[in-house]
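A.B. asks: Predicted model and sequence follow; I will ask about them next.
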Amino acid sequence: MKLQFHESKIDDFLILFNETKLKVSNFEGCLGMRLLNDLQNPKVFYTYSNWTSEEALLNYRGSDVFKTLWKSIKPLFEIPAEASSTLVYFEGFPSNKK
């Protein structure tokens, strides 16, 4: 998901993220999650999560965890968030590689 925040709200977002990241990444069906920050535009963040199935992702999006987080985070956006779901075409991050 692409998230662009008002510059003055980035710290607020990071606080919220740190408070909820384990609830999301430990949600049933979530295989892992990353938060990425755009190097060219520091107001832009990307969340990348991997789910066991589309059903698991939809269960998360219908959960109190998501609804509470979204209600808190949405007012911080500079522009609306952009969500995408994808299929893996190539996996270059093997889980056993360190």
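C.D. replies: Nice, thanks for sending it over. Numbers count the residues shown, from 1 in each chain.
A.B. asks: Please work out how many residues are found near Lys71.
C.D. replies: Applying other Cβ atoms under 10 Å, we find 9 residues neighbouring Lys71. Any C-beta I mention is one placed from the backbone N, CA and C, and that applies to glycine too.
A.B. asks: elements contacting the strand or helix carrying it?
C.D. replies: Assigning secondary structure by DSSP states H and E places Lys71 in helix 64-73. The contact analysis (3 or more Cβ pairs under 8 Å, 6 or more residues apart in numbering; DSSP states H and E) places helix 64-73 against helix 10-25.
A.B. asks: name the helices or strands packed onto the helix it packs on?
C.D. replies: strand 30-37, strand 44-51, helix 64-73.
A.B. asks: how about 10 Å then?
C.D. replies: The contact analysis (3 or more Cβ pairs under 10 Å, 6 or more residues apart in numbering; DSSP states H and E) places helix 10-25 against strand 2-5, strand 30-37, strand 44-51, helix 64-73.
A.B. asks: of all the ones you listed, which lies closest to Ile79?
C.D. replies: For the helices and strands packed on helix 10-25, the distance to Ile79 is smallest for strand 2-5, at 5.0 Å, taking Cβ to Cβ.
A.B. asks: quick one: strands adjacent to the closest one?
C.D. replies: Strand 2-5 sits in its sheet next to strand 44-51 (antiparallel), strand 77-82 (antiparallel), going by DSSP bridges.
A.B. asks: got a list of contacts for it?
C.D. replies: Outside strand 2-5, the residues within contact range by Cβ atoms under 10 Å, 6 or more residues apart in numbering are 11-14, 17, 35-36, 38, 41-47, 73-74, 76-84.
A.B. asks: Buried ones from those residues, can you make that a ChimeraX selection?
C.D. replies: The ChimeraX command for the buried members of the contacts of strand 2-5 (criterion: 16 or more other Cβ atoms under 10 Å) is given here:
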select :13,17,43,44,45,47,73,76
